[in-house]
Each structure stands twice: as structure tokens, then as C-alpha cells.
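Participant: this one's structure only:
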């Protein structure tokens, strides 16, 4: 269950959108000084999925990806009915090693220990995310929150969508705006 403050922030974002303004959106709970992670056209409230403005010199922002390199991306036309079928994620997962290596290179990671990072889908496959490089980033295990905690957010949002408590589009926006804010507001 989201807090009233989080819902108010979403309402404010859509209210600004009604005025036809473009804004960069960030949810509460972002690391101090961190830039927003998804560029949102406020008029529609929809992130610019897959639009990258940088392909090198990428820098993670704490547990969040560089928004210029990893804005997130979704598979167009994917529905709640599709993602809520057991096995959906594994049926669409397709990230070759060459693409993973390209992600590490864009983020300047030349070598790492096993388990230190995973190439993660920013918008998870179970929320209709794509395998495109614009949706991939090297997510660290430590410090917390790291990729293990993001996995919990992905499962939580997937459950919320499949139960009808949240639309798929809302879940996609929430994870791409700031998954850490969702993590901090999740029930224990």
C-alpha cells in the first residue's frame, strides 16, 4: 500500500501534465542530489522509453542507473494478462553476453568479481520491460539497496499489477522513476 504522500506526488505530476509542461520526474526517496531517472513528458505522464542521450561515460547514481544511458524501455503492447502468466519473463528474456559486455563498457566497468554486479533490466521483464540496451544497467549487489532489494520491488509491483491494485503503466512508471522510493514504502 502506497503512502498518501507518494500518491500525492503522482497526482501532482499528472496535474502539472494537464498544464502541458514538460518536467523531469523523481519520486521522493531519491538519494540526495541524484538526478531523476526517467524523463517524463508530463502532458502524457509517459516516460520517453528507450530514448538514450549518452552511450559512454555512464555513471550509476547510487542504486539507480544513469538516466541518460538507461532511461528504461518497455515492450510495446504488452498487457497485464500477458505478464501475469507464469513463465512470461523467461519466455521473453534475451540478453546476449555481447550486450551485457556493452553495458559494462558504457558504465566503465572493465572487470568485476562474480556476484558483484548483475546486468539488470531497469523496467523488469515481469513488468513488460524490454531487453533493449536502454533498459539495462550494471546493478551492484552492495551496498543495500542493491539488486537483491530491486528484485523484491519487481515482485511486489508485479503482484500489485496482477491483483489489480495498480495498472501496468503505473508500475512501469514507478520502477523507472525511482525503484528505491518504492522499496522504502513497501510493507515488510
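Facilitator: Nice, thanks for sending it over. Predicted model, so just to flag it, every value in this text is computed and none were measured.
Participant: which stretches of the chain form helices?
Facilitator: Under the criterion DSSP state H, helices of the chain are mapped to 4-18, 80-83, 88-92, 97-106, 147-163, 168-185.
Participant: what angle sits between the last one and helix 147-163?
Facilitator: Put simply, helix 168-185 runs at 130 degrees to helix 147-163, going by axes from the mean of the first three to the mean of the last three C-alpha atoms, to 10 degrees.
Participant: other SSEs contacting helix 168-185?
Facilitator: The helices and strands touching helix 168-185, judged by 3 or more C-beta pairs under 8 Å, 6 or more residues apart in numbering; DSSP states H and E, are helix 4-18, strand 38-41, strand 46-47, helix 147-163. Bear in mind the C-beta positions are built from the backbone N, C-alpha and C, glycine included.
Participant: who touches stretch 52-66?
Facilitator: 30-31, 34-35, 37, 67-71, 105-108, 122, 133-134, 137-140, 145-146, 149-150, 178-180 (C-beta atoms under 8 Å, 6 or more residues apart in numbering).
Participant: try stretch 153-163
Facilitator: By C-beta under 8 Å, 6+ apart, stretch 153-163 touches 80, 83-84, 124, 126-127, 166-168, 171, 174-175, 179, 182-183, 186.
Participant: can you rerun that using 10 Å?
Facilitator: When contacts are defined by C-beta atoms under 10 Å, 6 or more residues apart in numbering, stretch 153-163 is touched by residues 1-2, 80-81, 83-85, 88-89, 120-121, 123-129, 145, 165-172, 174-175, 179-187.
Participant: Check stretch 101-113 too.
Facilitator: By C-beta under 10 Å, 6+ apart, stretch 101-113 touches 52, 54-60, 65-66, 69-70, 95-96, 116-117, 119-120, 133, 136-138, 140-141.
Participant: Enumerate every residue touching residue 134.
Facilitator: Residue 134 touches 48-52, 55, 65, 69-73, 122-123, counting by C-beta under 10 Å, 6+ apart.
Participant: doesn't residue 124 make contact with residue 75?
Facilitator: No: Residue 75 is beyond contact range of residue 124, at 11.6 Å (criterion: C-beta atoms under 10 Å).
Participant: okay, the two: which has more neighbours?
Facilitator: Between residue 75 and residue 124, residue 124 has the larger neighbour count (other C-beta atoms under 10 Å), namely 23 against 17.
Participant: The more buried one contacts residue 73, doesn't it?
Facilitator: No: the pair residue 124 / residue 73 is not scored as a contact, 11.6 Å apart, by C-beta under 10 Å.
Participant: Pull up the overlap in contacts between those two.
Facilitator: By C-beta under 10 Å, 6+ apart, the residues touching both residue 124 and residue 73 are 135, 172.
Participant: residues touching residue 123, list them.
Facilitator: 38, 47, 49, 70-75, 129-130, 134-135, 154, 157, 171-176, 179.
Participant: measure residue 98 to residue 104 for me?
Facilitator: Distance from residue 98 to residue 104, counting by C-beta to C-beta, to the nearest Å: 11 Å.
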